[in-house]
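1. my questions are about this predicted structure, shown below with the sequence.
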Amino acid sequence: MIDANARILLIYTGGTIGMVENPLTGILESFDFEHLNNHFPEIEMFKFQIDHVVFDPVIDSSEIRPDHWRKMVHIIQDNYDNYDGFVILHGTDTMAYTASALSFMIENLSKPIVLTGAQLPIGKLRTDAKENLITALEIAADKDMEGNPIVPEVSIFFQNYLMRGNRTTKVNAENFNAFRSFNYPALARSGINIWYDRKAILTPDYNKTERFHYHLNTHIATLKLFPGINSDMVAAVLGIKGVRAVILETYGTGNAPMAPWFLELIKDAVKRGILVVNKTQCPIGSVDMYRYETGLELLKTGVISGFDATMETLITKLMFLIGHNYDNEDIKIRMRVPLAGEITHPEERNNERM
């Protein structure tokens, strides 16, 4: 039920949704919010109040940095008590990273934060921008019969689906269905109506006060395994000066070579205080290092399971935990538990299938 008295803050960061085509070069270039407003007169038809804040300058999403996440969190914190929900217009390339980061940076969230954007600018005839923005605004203003927000978490709405932000990955650069949530069901889908999966949506503790966090550490690297990878390559990544964590992209359910040189390099890195996290290269499924001997060997060296988390989530969660100066043992514990619904343990996944 859309609350006619709701107040929604629209935060415009940039992205394709607000771009125009340069008539001389044909290149898409950032414009301003008035351009967006001029091409979206439907915004005046909403019965609830919509205010907006615009990044100055607007940011192409490929340029997004943690400082921009901090700016978004500051805007939300400064306006949290005055609005019922927030919609962030964002470029698609790094939208999943931003959604994941915000899910950790805002603790005890009790209001909707919906990120959306477009594959085509809002001024194009066949644009997907209007439908995405209209529905995102409606979801941000939707409340249940008790007057509580229906989706009080960080989410992404794109092409008829609302997905948990830290479960979402961009998978398509050419079609409107740009995002997928492979390991977690959609929170809602839109058609003639909006259908919510209430069981999939996080339930906040309204007795707890929201907390806003700003400390992030970016000294993180990724290492993708491939047949034929050699010791020099692995040693180079694990030996990066100042690196605090390395996400190891493994095969299948978290398997890696059992070559002595490989296991020794991993073991040495862990001894030096580097957090090594196991992330499967498969988009669907989970790391389960107890399943095969190769995964078990990694577990013995001190490698941490990434379970079924996305790469975007693992990177931003590690940024968050390392940035808050937790020691390694504490980080290992926190990586095993969901802070904002970002992981499901293998045994839980098996129970869901039964």
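-> Yes, it's here.
2. low-confidence stretches in the stretch 51-200 of the chain?
-> 120-126 (pLDDT under 70).
3. let's see it at 80
-> 119-130, 175-176 (pLDDT under 80).
4. show me where it has strands.
-> 85-89, 106-107, 113-116, 154-158, 161-164, 169-170, 179-180, 188-190, 194-196 (DSSP state E, counting those that start in this stretch).
5. redo the ones you listed as CSV? Include distance to Ala140 and mean neighbour count.
-> Just so you know, the C-beta spots here come from the backbone N, C-alpha and C atoms, and that holds for glycine as well. Formatted as CSV, the strands of the stretch 51-200 of the chain follow (distance: least, CB to CB, whole Å; neighbours: other CB atoms under 10 Å):
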stretch, distance to Ala140, mean neighbour count
strand 85-89, 3, 27
strand 106-107, 15, 19
strand 113-116, 5, 28
strand 154-158, 9, 29
strand 161-164, 11, 26
strand 169-170, 21, 20
strand 179-180, 18, 22
strand 188-190, 12, 19
strand 194-196, 12, 16
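6. what's the closest of the ones you listed to Val234?
-> Counting by CB to CB, Val234 lies closest to strand 169-170 out of the strands of the stretch 51-200 of the chain; the figure is 25.3 Å.
7. hmm, who's touching that closest one?
-> 92-93, 95-96, 178-182, 283, 310-312 (CB atoms under 8 Å, 6 or more residues apart in numbering).
8. make JSON lines from these and add distance to Leu10 to it.
-> Shown next, in JSON lines, are the contacts of strand 169-170 (distance: CB to CB, whole Å):
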{"residue": "Thr92", "distance to Leu10": "17"}
{"residue": "Asp93", "distance to Leu10": "20"}
{"residue": "Met95", "distance to Leu10": "16"}
{"residue": "Ala96", "distance to Leu10": "20"}
{"residue": "Ala178", "distance to Leu10": "20"}
{"residue": "Phe179", "distance to Leu10": "20"}
{"residue": "Arg180", "distance to Leu10": "25"}
{"residue": "Ser181", "distance to Leu10": "24"}
{"residue": "Phe182", "distance to Leu10": "29"}
{"residue": "Pro283", "distance to Leu10": "31"}
{"residue": "Thr310", "distance to Leu10": "26"}
{"residue": "Met311", "distance to Leu10": "29"}
{"residue": "Glu312", "distance to Leu10": "23"}
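9. filter the residues you listed down to the buried ones.
-> By neighbour count, with 16 or more other CB atoms under 10 Å, these hold 92-93, 95-96, 178-181, 310-312 as buried.
10. if we can go back for a sec, now, which of the contacts of strand 169-170 sits nearest Val277?
-> Nearest to Val277 among the contacts of strand 169-170, with distances taken as CB to CB, is Met311, at 10.2 Å.
11. what's near enough to touch that closest one?
-> 169, 222, 247, 249, 279.
12. would you double-check that the last one falls in a helix?
-> No. Applying DSSP: H, G, I helix; E, B strand; the rest coil, one finds Lys279 to be strand, outside a helix.
13. could you find the closest non-adjacent residue to Asn177?
-> Leaving out its chain neighbours, the residue that sits closest to Asn177 by CB to CB, 6 or more residues apart in numbering is Gln159, at 4.5 Å.
14. I'd like to know how many residues surround that neighbour.
-> Using other CB atoms under 10 Å, the number of residues around Gln159 comes to 19.
15. contacting residues around it?
-> 128, 132, 176-179.
16. distance check, it against Ala136.
-> To Ala136, Gln159 is 12 Å away according to CB to CB, to the nearest Å.
17. before we move on, what about Gly323?
-> 29 Å.
18. have a look at these two and say which one is more surrounded.
-> Ala136 (27 against 19).
19. ranges for the helices of the chain?
-> Counting by DSSP state H, the chain has helices at residues 33-38, 66-79, 95-105, 129-141, 231-238, 260-271, 293-301, 311-323, 328-335, 346-353.
20. quick one on the thing from earlier: from the contacts of Met311, pick the one nearest Ile194.
-> Using CB to CB, the contacts of Met311 come closest to Ile194 at Thr169, 22.7 Å.
21. which non-adjacent residue is nearest His345?
-> Counting by CB to CB, 6+ apart, the residue nearest His345 is Phe307, at 6.1 Å.
22. residues touching the residue most central in space within the chain, list them.
-> Taking CA atoms, centre = their mean, the centroid of the chain lies closest to Ser100, which sits 2.7 Å from it. With contacts defined as CB under 8 Å, 6+ apart, Ser100 is in contact with 165-166, 310, 312-313, 315-317, 342.
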